[in-house]
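Asker: okay, here's the prediction I keep looking at, along with the sequence it came from:
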Amino acid sequence: PSETGRVLSIQSHTVQGYVGNKSAVFPLQLLGYDVDPINSVQFSNHTGYPTFKGQVLNGDQLWDLIEGLEANNLLYYTHLLTGYIGSVSFLNTVLKVVDKLRSINPNLTYVCDPVLGDEGKLYVAQELVSVYREKVVPVASMLTPNQFEAELLTGLRIVSEQDGREACNILHAAGPSKVVLTSINIDGNLLLIGSHQKEKGQPPAQFRIPIPKIPAYFTGTGDLMTALLLGWSNKYPDNLDKAAELSVSSLQALLVRTVNDYTRAGHDCQSSSLEIRLIQSQDDIRNPEIKYKAEIY
Ligand code: ATP
Ligand code: PLP
Ligand code: MG
Ligand code: NA
Ligand code: MG
């Protein structure tokens, strides 16, 4: 399938390494998309390193860029993609951007990775949670929370697969027709749960993809996963299961390559976070071999 589009991607930029826009722009381009990145921050490296330096864009500066594009009639986008957002004022401006883009293209798809935290730890200011919950989730077309984020956004504790499916139902009722819980941890095993509500008020089509946990810690994988899901779900708009199979298969091939490369270089993969081998994995992104199959509930 050749369906592509024009994506406005508002995410972090790092000079070195692959998180945020650095892990989203290249794969979307490989899948045939025109991608216009707005860098919400420019940091030397990701924040998992001992130190980092750089600049943060504020809401007014974001709006300046939007006004510049608008003044030249350059604001037609098929997709908006957002990831980590560090402040309420920036998030409120993103909401203004959603409205503005939809006034130009009412069919705009907004793919939102509601980055709030992971494994029980919040890594944004607490006040962002209610803004996501009350204002962002309702306007999102597709949402890609992890387990902790889904809990924060629904108020539901997710301790079983059934809880995960119920969280998706709650999120559909709040807005997005597509929800992917990118991983939930059930008894030490990773599980992706996907849910597509094809018609408002109807029960969604749901599926699971079991993912073997690799004993290493990666950064940038969440941002990459959401970008892949955008890319593939637009090519298979009625088959979120297929889009997720392709995305998981690309990502896992990349993670295996990353671990193999580090191991070959004599590095202990469990001692620190690994930078993903994004560029080296371009064939796996363009043309993934489906090794991870969706199981329909
Ligand atoms: P989540 O944790 O829910 O997957 P996230 O936004 O917290 O989402 P990551 O933790 O980076 O982002 O995970 C993104 C994707 O990468 C998930 O689909 C996950 O299964 C995969 N992934 C991340 N770490 C590993 C790992 N150690 N082994 C296997 N897959 C992994
Ligand atoms: N953006 C920045 C600036 C970061 O430092 C990080 C992680 O350290 C991320 C985004 C998120 O990476 P991930 O996709 O692993 O959640
Ligand atoms: Mg995670
Ligand atoms: Na996620
Ligand atoms: Mg994430």
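Answerer: Perfect, I can see it now. Ligands and ions are numbered 1, 2, ... in the order given.

Asker: worst-scoring helix or strand of this protein, pLDDT-wise?
Answerer: Every helix and strand in the chain was compared by mean pLDDT, DSSP states H and E; the lowest is strand 274-275, with a mean of 90.

Asker: packing partners for that strand?
Answerer: Under the contact definition 3 or more Cβ pairs under 8 Å, 6 or more residues apart in numbering; DSSP states H and E, strand 274-275 sits against strand 218-219, helix 240-264. (Each C-beta comes from the backbone N, C-alpha and C, glycine too.)

Asker: where does residue 207 sit: helix, strand or coil?
Answerer: Per DSSP: H, G, I helix; E, B strand; the rest coil, the secondary structure class of residue 207 is strand.

Asker: and it, how many residues sit next to it?
Answerer: 22 (other Cβ atoms under 10 Å).

Asker: and for residue 257?
Answerer: 16.

Asker: ok, back up a step: so does the least confident helix or strand of the chain get close to ligand 1?
Answerer: No. Using Cβ under 6 Å from any ligand atom, strand 274-275 never reaches ligand 1; the gap is at least 9.3 Å.

Asker: ditto for stretch 13-30
Answerer: No. Residues of stretch 13-30 contacting ligand 1 under Cβ under 6 Å from any ligand atom: none, with a closest distance of 9.5 Å.

Asker: could you do stretch 118-131 as well?
Answerer: Yes. Stretch 118-131 reaches ligand 1 (Cβ under 6 Å from any ligand atom) through residue 118.

Asker: give me the distance from that stretch to the chain's centre.
Answerer: Distance of stretch 118-131 from the chain centroid (Cα atoms, centre = their mean, to the nearest Å) equals 16 Å.

Asker: state the mean pLDDT of that stretch.
Answerer: Stretch 118-131 shows a mean pLDDT of 95.

Asker: before we move on, what about stretch 22-39?
Answerer: 98.

Asker: ditto for stretch 256-271
Answerer: 92.

Asker: ditto for stretch 228-247
Answerer: 98.

Asker: list the contacts of it.
Answerer: 1-5, 7, 27-28, 31, 33, 78-79, 81, 109, 111, 142, 144, 178, 180, 192, 194-196, 198, 205, 207, 209, 225, 250-251, 285, 288, 290, 292-294, 296 (Cβ atoms under 8 Å, 6 or more residues apart in numbering).
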